[in-house]
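>>> Here's a sequence, model it:
(2 chains)
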Amino acid sequence: MDKIGARFGAIVALVAMVFSLRSAPAGAQAVPKQLRIAVGIDADTLDPAGQTTTTVANMVDYFFETLVDMDYAKNEVVPRLATQWQTSRDGLTYTFQLRQGVTFHDGTPMTAAAVKSTFDRLLDPKTKVPLRGALLAGIKTVDVVDDTTVRFTMSQPNPLLLRNLSYTTTAIISPAAVARAGDRFSLAPVGAGTGPYTFKEWRRGESILVERTPTYWGKKPSFEEVLFQVVPDAGTRETMVLAGNVHLAMLPPAPDIKNLRKNPRVTLVEAPTDRVIFLAMNNQWGPFKDARVRQAMNYAINKKALLSSMLFDLGTVEASACPAMMFGHSPMHEGGWPYDPAKAKQLLAEAGYKDGFDVEFLAPKGRYIQDFEFAQGAAAQLRNVKIRATVSTMDWPTYVATITQPVDRSRTQMFILGWAWVVLDCDGVLFGQFHSSQQPPAGLAAAFYRNEKVDDLLVRARTTVDVAQRATLYKEAQTQIWNDAPWVFLWSQKWYVATVKNLEGVRITPIEKWDAIYATWK
Amino acid sequence: MGRYVLHRLALALLTLGGVTVVIFLLIRLIPGDPARIIAGLLASDDEVRRLRVELGLTQPLYMQYLIFFTGLLHGNLGLSAATRAPVLEEIALRLRPTVLLAVSSIAVATLVGLAAGIISATRRYSILDYLAMTLAVLGVSIPVFWLGLMLMLLFAVYLHWLPAGGYGTLASFILPTIALAAFSTGIIARMTRSSLLETLSQDYVRTARAKGVPRHGVVLRHALKNALIPVLTVIGLQFGTLLGGAVLTETTFAWPGMGRLLVNSILSRDYPVIQGIVLTFATMFAGVNLLVDLLYAYVDPRIHYG
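Presented below is the predicted three-dimensional model:
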């Protein structure tokens, strides 16, 4: 026995020795050539036009660039491939002057003809552009004025156009590269962008590699290469950043956030976003037809308590249906809808539900931060005012199929949903969630809220060019929606990444992207 | 023998044909619209409808099956709904990591399991026996994702010996192999022990001992060969378990294999890819079982196929 033990010990020591010869743990050391980022999902397409998921668009942003950029601190459109632009007074023509001397990674110059060909492709129904209807509404033609000037002609004004042109979908691509790649463009967009990094290789299911563009027109990033490693499990992503195998990991597990904030080996970068989380009530179902019941629901749920006890403060209570970051946001009540169970009971009694009612409560699991967990917390709070909610969950595709049934077939009573828009404008959430034309199956306004005044305000706001007038329209719409309470207004989520201590200058944008192109190594 | 193999091959093909029907119908029974999931919540209804036509989802079910089946006969599994790349290509890219992981795990499980089983059986009720069997029970009972995370914490975060996840270097194989092999090792060890104990109590073993054959010779040459038949069956079956376990292990260790592709495809209702992977798994499983059947004849000459 002893002999075997000794032999075993020797083997362990030997193995330990062999492996300790491998690279020393990541920590204080020279600037790595390659920055490694653990992402939660693999790309489905690298074609900017085909983007549907923010994280994929986030990677695509490393090698493609749009005409304009967003300054999120000021919520302003700023130049990128276009240096300046003029809008006609009627909002029907936009003229852009392009940055001179910019070339695509394949060497062809970025000209007005390339911009035109990019938009012709985006508007062509044969190209798969899931966000076409949402981002490109109203564009009639895009014409070349001269080599560095393009003109957009609109069939109707679209006050969102400039902001839309900052989103990945509308990135300018090299027509030559598209022609060369043919069917394979979405899998290997070689040389097609103008960005600070150049696309190198996509190993599907495993990683995407980009390398610094030697001829980039703007500021050069610090790292020679960036590797996006696909790590679907949040716990593994956290482990990998703790072990120094990656330098940045998106969304580590929420329950570990408190420890990560204190951990001296990593930096947790967190920031508010425009993803609003709400509890939608089916406004055409039983008790929820009565606005007083819906208001009672808002009084009965303590959002602040749920946020701190179940979401580790990864959110901010919202004071309107349109989150605070967006243009047009108008706070309805400081600190959100007040928590007042007595008032809730009183309203329920007035509506004839003194003894409460039973309701089925759907919540997804793992889609939003602590979604299923906080739904159970909310259900417990509702029980205090005698509303008996039974929480159940299902996988995401089934969930979507369930809540997108048309009203006459819908079996939903109340459910959790999160909504974010890729540009910061109230139109993105209010039109999609409250305009009656957007009810399932056409859209995802699954609370089945219907108000003619709101319908009218929302349509006018998306076709009016005047900024001040739009803000007024949105204020009016938000007031009406707040008072009608089609949702229990909850909070907007934060987005977060964990990075190794040496990595500095990583930021989070309000549209759930990390911004690390110009991160540096300390 | 040749006829037996042909017979078995024909049966396997028939089984695979059945698998195509079952999987085709099963995945279409789960609710969820692939077009909506792939286009995303923010896509407009027009785009979703266009995608539905493009994916052939507007055709009647039997037509969808016919298209799938005739494609299959031509060696064409269709295009992935999510990436629009050929399904065969998607699978080919992931086949290698999965097969390498499954093979290394079955090798480790067989070697360690056999060794532990032999030691346990020959030193019954010793400390070593108890230790080996306790470890075997633990291996069978610990969920692979938990074991995976614990291994990562120890070897990647605290000791910095091995990478926490990812695929490529030899070192990257060690943790996923241990995690995936744990269950099968336990099963094989217990099976070897009980099978060997039974053989060791047989008369011919006593005779061999009485003749003066040394102890290790009796165990390894006389008893083990006879004890091996049920163990072989278990090893063959474990291969199926390993393919199933790969789904979890690959997710935990960020391993770019077929198991993870399968999970993702189910979550995005990517019908063509799900069909392709299930068919591949079924083919591999059928192949291994055929191999095990043939090995019986090698281990036990009394078994004849004709």
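>>> Could you use CA atoms for every contact and neighbour count after this?
OK.
>>> C-alpha coordinates for stretch B:34-46, PDB please?
The C-alpha coordinates for stretch B:34-46 follow below in PDB (Å, rounded to 0.1, in the frame of the first residue of the first chain):
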ATOM      1  CA  PRO B  34     -37.900  28.800 -37.200                       C
ATOM      2  CA  ALA B  35     -38.300  31.800 -39.400                       C
ATOM      3  CA  ARG B  36     -39.200  34.100 -36.400                       C
ATOM      4  CA  ILE B  37     -36.400  32.700 -34.200                       C
ATOM      5  CA  ILE B  38     -33.800  33.100 -37.000                       C
ATOM      6  CA  ALA B  39     -35.000  36.600 -38.100                       C
ATOM      7  CA  GLY B  40     -35.100  37.800 -34.500                       C
ATOM      8  CA  LEU B  41     -37.800  39.600 -32.500                       C
ATOM      9  CA  LEU B  42     -37.100  43.000 -34.200                       C
ATOM     10  CA  ALA B  43     -37.600  41.800 -37.800                       C
ATOM     11  CA  SER B  44     -40.700  42.900 -39.600                       C
ATOM     12  CA  ASP B  45     -43.500  40.400 -40.500                       C
ATOM     13  CA  ASP B  46     -42.600  40.700 -44.200                       C
END
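>>> now it: how far from the chain's centre is it?
34 Å (CA atoms, centre = their mean, to the nearest Å).
>>> Show me what from the stretch 251-400 of chain A comes close to chain B.
With CA under 8 Å from any CA of the partner chain as the criterion, the stretch 251-400 of chain A comes near chain B at residues A:395, A:396, A:397, A:398, A:399, A:400.
>>> Model confidence for the second one, exactly?
Which is residue A:396. pLDDT, residue A:396: 89.
>>> what about it, neighbour count?
18 (other CA atoms under 10 Å in any protein chain shown).
>>> Do I have it right that it meets residue B:264?
No. With contact defined as CA atoms under 8 Å, residue A:396 does not reach residue B:264; the gap is 11.8 Å.
>>> ok, which stretches of the stretch 101-250 of chain B are strands?
Counting by DSSP state E, counting those that start in this stretch, one finds no strands in the stretch 101-250 of chain B.
>>> can you list the residues of the stretch 201-306 of chain B near chain A?
Residues of the stretch 201-306 of chain B lying near chain A (CA under 8 Å from any CA): B:251, B:252, B:253, B:254, B:255, B:256, B:257, B:261, B:267, B:268, B:269.
>>> and the residues you listed as a markdown table, adding secondary structure?
Output for these, formatted as a markdown table (DSSP: H, G, I helix; E, B strand; the rest coil):
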| residue | secondary structure |
| --- | --- |
| B:251 | helix |
| B:252 | helix |
| B:253 | coil |
| B:254 | coil |
| B:255 | coil |
| B:256 | coil |
| B:257 | coil |
| B:261 | helix |
| B:267 | helix |
| B:268 | coil |
| B:269 | coil |
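>>> Of the residues you listed, which count as buried by neighbour count?
B:251, B:252, B:253, B:254, B:255, B:256, B:257, B:261, B:267, B:268, B:269 (16 or more other CA atoms under 10 Å in any protein chain shown).
>>> Would you check that the third one makes contact with residue B:165?
Yes. Residue B:253 is in contact with residue B:165 according to CA under 8 Å; the separation is 4.5 Å.
>>> Mutual contacts of those two, please.
Residues within reach of residue B:253 and of residue B:165 at once, by CA atoms under 8 Å, 6 or more residues apart in numbering or on different chains, are A:231, A:236.
>>> dump the residue contacts of residue A:379.
Taking CA under 8 Å, 6+ apart as the test, what residue A:379 contacts is A:388, A:389, A:390, A:391.
>>> Mind checking which of the residues you listed are in strands?
A:388, A:389, A:390, A:391 (DSSP state E).
>>> Pairing partners for the third one in the sheet, please.
In this structure, residue A:390 bridges to residue A:360 when assessed by DSSP bridges.
>>> ok, now how distant is it from residue A:357?
According to CA to CA, to the nearest Å, residue A:390 and residue A:357 sit 11 Å apart.
>>> Repeat that for the second one.
Here the criterion is CA to CA. By it, residue A:389 lies 8 Å from residue A:357.
>>> So between these two, which is more surrounded?
Between residue A:389 and residue A:357, counting by other CA under 10 Å, residue A:389 is the more crowded of the two (22 against 15).
>>> right, and that one touches residue A:361 too?
Yes. Between residue A:389 and residue A:361 a contact is recorded at 5.8 Å, counting by CA under 8 Å.
>>> Show me where the stretch 151-300 of chain A has its helices.
Using DSSP state H, counting those that start in this stretch, the helices found in the stretch 151-300 of chain A span residues A:161-164, A:175-181, A:234-242, A:257-262, A:291-300.
>>> Tell me which other helices or strands the shortest one touches.
Where contact means 3 or more CA pairs under 8 Å, 6 or more residues apart in numbering or on different chains; DSSP states H and E, helix A:161-164 is packed against strand A:68-71.
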